[in-house]
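Trainee: Output the structure for:
(chains A and B)
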Amino acid sequence: MAGYRTDLARARGLGSAKRGVGTWIAERVTAAALIPLVLWGVWSALGLARGGYDGAVAWLSSPLNAVLMALLIGVGFFHMQAGLKVVIEDYVHAPASKAVLLLLNLFVCVLIGAVAIFSVLKVALSGGAG
Amino acid sequence: MTHSSPGSAARPTAPHLTVWRWHVTMLASILHRASGMALYVGALVLAGWAVSLASGPDVYAGYTALLGSIPGEVALFGLTVAVFYHLASGVRHLIWDWGQGFELATASLMAWASIAIGVLGAVLVFILAALEGAL
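Mentor: Residues are numbered from 1 along each chain as shown, chains lettered A, B, ... in the order given. From the prediction side, this is the model:
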């Protein structure tokens, strides 16, 4: 009897297609990475707040600061995209609005994240000139 | 999910918010999402900082003056609360994901602790900023 059932009929009710797990884990892994990165970022912001332009350029010219800042931005925007994606999926059910919002979320995060990381690298590699 | 695809029976829906007795873990859950969405703005502020720094001294001076204005500092304080709350509440979620901390008393304690860390962390940062003359 079971041999005559379609693949779909057998799969129904057996759970997910096993693809959501990676997304779920990625959100947790980036969360763990952001714990030290965000604490470092807040601590750094205290120093940057009184250093002015020259202080900020000198600070970002340190390779360690430049790498950690690029990581904070990259991992932060990844986590942010994953987090808002879940919120949109939870509350927006109209297929068209959902697709548009998910695309907008992804594009905004990738675009702004790329611009921010490029800015960090520009200052780090050129000393802020120009 | 309240909608159903054509041909399928109507699915049961979760009880609405209003039928639950209020509990601090509910507040903590709502605040976790709210602070996460506030940090969307925070990330844009951070990106704006990087772009203004790369744009030269004049743009950077203008941007930091905006952040240092009274509305700017109020917004930064709110974002700092969101940073510390989302961080602490996120650790709370990681503890749950680890399979620990589901007892009612522990869950309530972690919710209250997250709220306290959010407020106290931001107050501490702004006290340090004031002491260093950064405000």
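
Trainee: going forward, measure contacts and count neighbours with C-alpha atoms only.
Mentor: Will do.

Trainee: Low-confidence ranges, chain A, go.
Mentor: By pLDDT under 70, the weakly predicted segments of chain A are A:1-2, A:16-18, A:128-130.

Trainee: near chain B, which residues of it?
Mentor: A:28, A:31, A:35, A:38, A:46-47, A:49-50, A:52-53, A:56-57, A:73, A:76-77, A:80, A:83-84, A:87, A:90, A:93, A:112-113, A:115-117, A:119-120, A:122-123, A:128-130 (C-alpha under 8 Å from any C-alpha of the partner chain).

Trainee: For the longest helix along chain A, name the packing helices and strands.
Mentor: Counting by DSSP state H, the longest helix found in chain A is helix A:20-60. Helices and strands touching helix A:20-60, by 3 or more C-alpha pairs under 8 Å, 6 or more residues apart in numbering or on different chains; DSSP states H and E, are helix A:63-91, helix A:95-126, helix B:24-54, helix B:57-68, helix B:70-97, helix B:104-131.

Trainee: The shortest one near chain A anywhere?
Mentor: Yes. Among the residues of helix B:57-68, B:57, B:60-61 lie within reach of chain A under C-alpha under 8 Å from any C-alpha.

Trainee: which helices and strands sit right next to that helix?
Mentor: Using 3+ C-alpha pairs under 8 Å, 6+ apart, the elements in contact with helix B:57-68 are helix A:20-60, helix B:24-54, helix B:70-97.

Trainee: tell me the contacts of the residue most central in space within chain B?
Mentor: Closest to where the C-alpha atoms of chain B average out (C-alpha atoms, centre = their mean) is residue B:35, at 2.3 Å. Residue B:35 makes contact with B:82-83, B:85-86, according to C-alpha atoms under 8 Å, 6 or more residues apart in numbering or on different chains.

Trainee: Residue B:129 and chain A: what is the separation?
Mentor: According to C-alpha to the nearest C-alpha, to the nearest Å, residue B:129 stands 6 Å off from chain A.

Trainee: Contact partners for that residue?
Mentor: The neighbours of residue B:129, taking C-alpha under 8 Å, 6+ apart as the test, are A:46, B:135.

Trainee: what does residue A:57 give?
Mentor: A:123-124, A:127-128, B:53.

Trainee: and chain B, which residues reach chain A?
Mentor: B:1, B:3, B:33, B:36-37, B:40, B:43-44, B:47-48, B:50-51, B:53-57, B:60-61, B:83, B:87, B:90, B:94, B:125, B:128-129, B:132-135.

Trainee: Narrow those to those that are buried.
Mentor: Buried residues within the residues of chain B next to chain A, counting neighbours by 16 or more other C-alpha atoms under 10 Å in any protein chain shown: B:33, B:36-37, B:40, B:43-44, B:47-48, B:50-51, B:53-57, B:60, B:83, B:87, B:90, B:94, B:125, B:129, B:134-135.

Trainee: what's the offset of the longest helix of chain A from the middle of its chain?
Mentor: Averaging C-alpha coordinates over helix A:20-60 and over its chain gives two centres that are 12 Å apart (C-alpha atoms, centre = their mean, to the nearest Å).

Trainee: So what's the residue count around the nearest residue to residue A:92 once chain neighbours are set aside?
Mentor: Leaving aside its sequence neighbours, residue A:92 sits nearest to residue A:98 (C-alpha to C-alpha, 6 or more residues apart in numbering or on different chains; 5.6 Å). By the criterion of other C-alpha atoms under 10 Å in any protein chain shown, residue A:98 has 17 neighbours.

Trainee: The residue sitting nearest the centre point of chain A: what's it in contact with?
Mentor: Residue closest to the average C-alpha location in chain A (C-alpha atoms, centre = their mean): residue A:78, at 1.1 Å. Residue A:78 makes contact with A:30, A:109, according to C-alpha under 8 Å, 6+ apart.
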